[in-house]
Structure formats: C-alpha cells, structure tokens
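Asker: Need the 3D shape of this:
(one chain, ligands or ions: 2)
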Amino acid sequence: MEGRDITKVVLLACGSFNPITNMHLRMFEIARDHLEDTGRYRVVRGIISPVGDGYKKKGLIEACHRVEMARLATDSSDWISVDSWESSQPEWVETAKVVRHHYGELVTAEQNNDDVDTVKYAKKRRIEDNTFEGSSHQINRDVPQLMLLCGADVLESFGIPNLWKQEDIVEIIGRYGLVCITRSGNDPHKFIHQSDMLWKYRKNIHVVHEWVTNEISATHVRRALRRGRSIRYLLPDPVVWYIQEHNLYSAESEQKNADVVLAPFQRYTGASSS
Ligand SMILES: Nc1ncnc2c1ncn2[C@@H]1O[C@H](COP(=O)(O)OP(=O)(O)OP(=O)(O)O)[C@@H](O)[C@H]1O
Ligand SMILES: NC(=O)c1ccc[n+]([C@@H]2O[C@H](COP(=O)(O)O)[C@@H](O)[C@H]2O)c1
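Answerer: Residues are numbered from 1 along each chain as shown. Ligands and ions are numbered 1, 2, ... in the order given. Model (predicted):
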C-alpha cells in the first residue's frame, strides 16, 4: 500500500517539438527516476504539449505534423502521451495558461472518479489552501501535482527581458513546480542562486542532472535534414519514416516565420527574473 505522504505527480513538457527527439523522451525518464528516488513522489503520467502555430517561431512547421510525430514517438510508452489542446488553439497560449488548463483537466478527472466511487464519494474531500501566497486557488490533495518539465535553457530564458511575465513564472514555480534537466551550456543551480525570485521558490525547482551529456536538439535534426544527412537514432524510427514520407524540413521550411518581426511571445515587459 502506498504511503500517505507520497505525492502523485504528472509531468508536463511544453515546447516546439519541431521535431520530437529521443532527448525529449529521455527527459521524462530521468525526471521520473529523480523524483521517485526522493521517496516523496510517484510519477503517474507524462504529457507532451506541442506549441501551436501561433507561436510563430522561425522554422516552426505545422502543428498537425509535430503532434503526429510526437504521437508516433510515444506510441511505445505506457505513461507518456501527447495532448493537442495547446496546439489546436488559434493563438499562441502562454505556458502558465497551458499549465492551468492541464491542472483543470486533472481536477475534472478526479471529480469524475469520485462520482463513480461511492466510498470516495462519501469521504470528506481534502481541499486545503495552497501554501502559495497570494493565491485564491485551492489545491485538492487527491489531484496529482502537476509539474512543468523543461530543459535548463527554458529555465534560463526566464531571465530574458520581454519573454515571460513575472507573475507567470511565480505561478508556474510557486504554485505548481518545475523539473529542470541540465543541458550543456547552462548552469541551472547558478541561475537559481542569482535570481531572488527563483531562490525564493527553490524548493519547488527540481534540478535533474543528466550525466550522459546529450546534445541532441531539434535544431540539429533540422540542420542534418537540410544537408541530406542521416537522422537515424536521434529520433524514434517511426518519426524518421514520417519525416521522409511527408518530406518535412527543408531550406524552405526553415524560413517559415522568418519575416515575423515580433512574435507574440516576445511582447511582454518587465520579464527579468532577478
Ligand atoms: N538535449 C536536451 N537536454 C535537455 N533538455 C532538452 C534537450 N533538448 C530539448 N530539451 C528540452 O525539451 C523541451 C522542448 O524543447 P524544444 O521543442 O524547444 O526542443 P529543442 O531541441 O530545444 O528545440 P530547438 O533546437 O528547435 O530550439 C524544452 O524544455 C527543452 O529545454
Ligand atoms: N511567456 C511565456 O509563457 C513563454 C515565453 C517563451 C516561451 N514559452 C514556451 O516555452 C516553450 C519553448 O519552446 P522553444 O524552446 O521551442 O521555443 C514553448 O512551449 C513556449 O510556448 C513561454
């Protein structure tokens, strides 16, 4: 029987996944090992949420292809799946809103669970105020904790001016939690140390050290494809076959959105994280 103080966790990864790589999948595995090793968490699910076309990042191909590739890549996993809610929104959705949406889904699923389980139904619901200050939200302790899973480059992007709203960072980390995988070229511990805001919420940031340095990136995969180089073993085979079948990623596709001067995600002010 599971101990009362083991928290169920759902990991949510947001990104372009342009295309999904083996490293994206590996992130989930090492994050789960790390959290479960603490003896405090049990990771029950992983969700991949590809960004929508409204993100307008240079070289971003259509969401339908990115979602399908992510589906093919996760077919063999019994705990990681793809969710297309974010990618099907007409406009780009800030990550804090994506996290909120998925938390809402977990709450609804738990409520439906309660409705069919009469024993649970009679049980007094353990709804407690979240310790996150300034929040009027409540946390239902039966609902798994949702944590945002990202690479260290995303954590460090919190410090790029005009990229993230302060309140969004506080909400994501203070209210939900962050699992950050080290990536060569980034030093998440130093970054957290240098930011008063991240330092304040440091207990909610789980830094996972990836000892097998892995520099697979979607940029590298797209570049290899443009140059007619093999991408095999960087991505799951079904994704390689899908890319070949649909002739994805070319010099032309890399120019998509190249003329967008200010993408929607670059419009915020006062986003410095220090
Ligand atoms: N090699 C890696 N190590 C650690 N994290 C990674 C790695 N590759 C991707 N990630 C993380 O996966 C998430 C989704 O990444 P994204 O789709 O932007 O992939 P990417 O490979 O960084 O893309 P691009 O090269 O197009 O910028 C992000 O949180 C990113 O930090
Ligand atoms: N203010 C924000 O919420 C904000 C800003 C920049 C990127 N993001 C997200 O971070 C992820 C980054 O993906 P890329 O590294 O592929 O650009 C995307 O999911 C994007 O939506 C969010």
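Asker: lowest average confidence, helix or strand, in the chain?
Answerer: One helix or strand of the chain scores below all others by mean pLDDT, DSSP states H and E: strand 127-129, with a mean of 44.
Asker: Contact residues of the chain facing ligand 2?
Answerer: 14-16, 51, 55, 57, 94-96, 154, 163-164, 168, 265 (C-beta under 6 Å from any ligand atom). To be clear about C-beta, it is placed using only N, CA and C from the backbone, and glycine gets the same treatment.
Asker: Now that we have those residues, which of them are buried?
Answerer: Neighbour counting by 16 or more other C-beta atoms under 10 Å classes 14-16, 51, 55, 94-96, 154, 163-164, 168, 265 among the residues of the chain next to ligand 2 as buried.
Asker: what would those residues look like in JSON lines with pLDDT and secondary structure?
Answerer: Below are those laid out as JSON lines (pLDDT from 0 to 100; DSSP: H, G, I helix; E, B strand; the rest coil):
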{"residue": "Cys14", "pLDDT": "98", "secondary structure": "strand"}
{"residue": "Gly15", "pLDDT": "98", "secondary structure": "strand"}
{"residue": "Ser16", "pLDDT": "98", "secondary structure": "coil"}
{"residue": "Val51", "pLDDT": "98", "secondary structure": "coil"}
{"residue": "Tyr55", "pLDDT": "96", "secondary structure": "helix"}
{"residue": "Glu94", "pLDDT": "98", "secondary structure": "coil"}
{"residue": "Thr95", "pLDDT": "98", "secondary structure": "helix"}
{"residue": "Ala96", "pLDDT": "98", "secondary structure": "helix"}
{"residue": "Val154", "pLDDT": "96", "secondary structure": "helix"}
{"residue": "Leu163", "pLDDT": "94", "secondary structure": "coil"}
{"residue": "Trp164", "pLDDT": "96", "secondary structure": "coil"}
{"residue": "Asp168", "pLDDT": "98", "secondary structure": "helix"}
{"residue": "Phe265", "pLDDT": "75", "secondary structure": "helix"}
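Asker: would you list every one of the helices in the stretch 51-200 of the chain?
Answerer: 63-74, 95-116, 118-122, 152-157, 166-170, 188-194, 196-200 (DSSP state H, counting those that start in this stretch).
Asker: among those helices, where is the model least confident on average?
Answerer: Of all the helices of the stretch 51-200 of the chain, mean pLDDT reaches its minimum on helix 118-122 (a mean of 48).
Asker: Now the stretch 51-200 of the chain against ligand 1: closest residue?
Answerer: Proximity of the stretch 51-200 of the chain to ligand 1 (C-beta to the nearest ligand atom) peaks at Gly151, 2.2 Å away.
Asker: Excluding sequence neighbours, find me the nearest residue to that residue.
Answerer: Arg183 (4.6 Å; C-beta to C-beta, 6 or more residues apart in numbering).
Asker: Likewise for His246?
Answerer: Spatial nearest neighbour of His246, chain neighbours left out: His65 (6.5 Å); criterion: C-beta to C-beta, 6+ apart.
Asker: got the contact list for the one you found?
Answerer: By C-beta atoms under 8 Å, 6 or more residues apart in numbering, His65 lies in contact with Pro19, Tyr242, His246, Leu248.
Asker: Could you report the neighbour count for the first one?
Answerer: Here the number of neighbours of Pro19 (other C-beta atoms under 10 Å) works out to 28.
Asker: so it touches Leu248, yeah?
Answerer: Yes - the criterion here is C-beta atoms under 8 Å, and Pro19 meets it with Leu248 at 7.3 Å.
Asker: Take the helices of the stretch 51-200 of the chain and lay them out in a markdown table including distance to Val212.
Answerer: Formatted as a markdown table, these follow (distance: least, C-beta to C-beta, whole Å):
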| stretch | distance to Val212 |
| --- | --- |
| helix 63-74 | 19 |
| helix 95-116 | 27 |
| helix 118-122 | 42 |
| helix 152-157 | 15 |
| helix 166-170 | 29 |
| helix 188-194 | 17 |
| helix 196-200 | 26 |
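Asker: out of those helices, deepest packed?
Answerer: Of all these, helix 63-74 has the most neighbours on average by mean count of other C-beta atoms under 10 Å, namely a mean of 22.
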